[in-house]
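> Test case, fold it:
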Amino acid sequence: MLFKTKLTAILVFLLGSASRGLGFVPSKFCQRSPSISNVQKYRMAKDDSDTTEDWIDLSGNGAVKKMILKEGSGDVLAEGTPVEIDYVGTLADNNWSASDVVDCWLSSQQGLDELAESFLENDLDGSKIMDETVFTEDFVTNELCVSNRIKCKKLIMAAKRLGKVQEDFPSGMEFDSNKERGEPYKFVLGKGKAIKGMDLGVASMKVGETSKIICRTDYAYGSEGYRKSNGDVVVPPFATLCFEVTLL
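Okay, the predicted model is just below:
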């Protein structure tokens, strides 16, 4: 009888300790294991909610979109066809969803792509990671479960650099236009002579068509951006681009 009483007391103590958090880590904190299926489900849900009637998704994931401003005629051109276009390129808003952040930015941060599911679960879109009052060391440590201080600081600094780029290179800034050179831009479709987003966009157009094409950074100049030979920045890292294109 005495043994049972002592055993009961021990069980009560252990249960009480667990409820007070002694030696117990709630599953919300740092007990996640990456799940590709969960990431895919999140992206599917976001894709369904982001569709609009005006924009045509050319890439299948929302990374390259087209809005027709003036209809063309005839058929779209086949891969390998030489084309001529007039275009104006401007920087666009990085209206990144959490899925975009994972695909465009987190994937380029060495050793940190393992945080993809945590980013999606916390709906860390572009505005949040660039908000220094939201994306703090405390948040990264406790919500994203980054216990390594070096990794934590690396992630915070990368987010700050991204925010600085957005300030220095605002949306709407023109970075290129063939009109300055006085002749159409010529290239061959599907041969890597233009950035991936432009290639996709023009391949969907008809002669005489004018369209606005939005290219996410991974379909444009990516994490490196584009510089002139003298080092001047033309397109900053992680820039989303907007082109107004006419297929001649």
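> Over to the residue nearest in space to the middle of the chain. Which of the three states is it?
For the chain, the residue nearest the mean C-alpha position is Asp100 (2.6 Å; Cα atoms, centre = their mean). Judged by DSSP: H, G, I helix; E, B strand; the rest coil, the three-state class of Asp100 is helix.
> pull the longest helix from this structure.
helix 149-168 (DSSP state H).
> And it, what's buried?
Buried residues in helix 149-168, counted by 16 or more other Cβ atoms under 10 Å: 151-152, 154-156, 158-159, 162-163, 165-166. The way it works is simple: take the backbone N, C-alpha and C, and place the C-beta from them, glycine included.
> that's a helix at Cys66, yeah?
Heads up, residue 66 is Lys, not Cys. No: applying three-state DSSP, one finds Lys66 to be strand, outside a helix.
> Tell me the strands beside the strand or helix carrying Ile85, with direction?
Using DSSP states H and E, Ile85 sits in strand 82-92. Looking at strand 82-92 with DSSP bridges, its partner strands are strand 174-177 (antiparallel), strand 185-188 (antiparallel), strand 240-247 (antiparallel).
> average model confidence for the first one?
Summarised as a single mean, pLDDT over strand 174-177 is 95.
> still on that earlier bit, how much space is there between the residue nearest to the centre of the chain and Ser211?
Distance, Asp100 to Ser211, by Cβ to Cβ, to the nearest Å: 21 Å.
> Can you give me the neighbour number for Thr133?
7 (other Cβ atoms under 10 Å).
> For Pro170, see how far away it is.
For Thr133 relative to Pro170 (Cβ to Cβ), the value is 21 Å.
> swap in Val134?
Counting by Cβ to Cβ, the gap from Val134 to Pro170 is 21 Å.
> Comparing the two, which residue is more hemmed in?
Taking neighbours as other Cβ under 10 Å, Val134 and Pro170 compare with Val134 leading, 13 against 9.
> Just confirm the more buried one contacts Asp123, I think it does.
No: contact between Val134 and Asp123 fails when scored by Cβ atoms under 8 Å: they sit 11.1 Å apart.
> deepest of the strands paired with strand 82-92, which one?
strand 240-247 (a mean of 21; mean count of other Cβ atoms under 10 Å).
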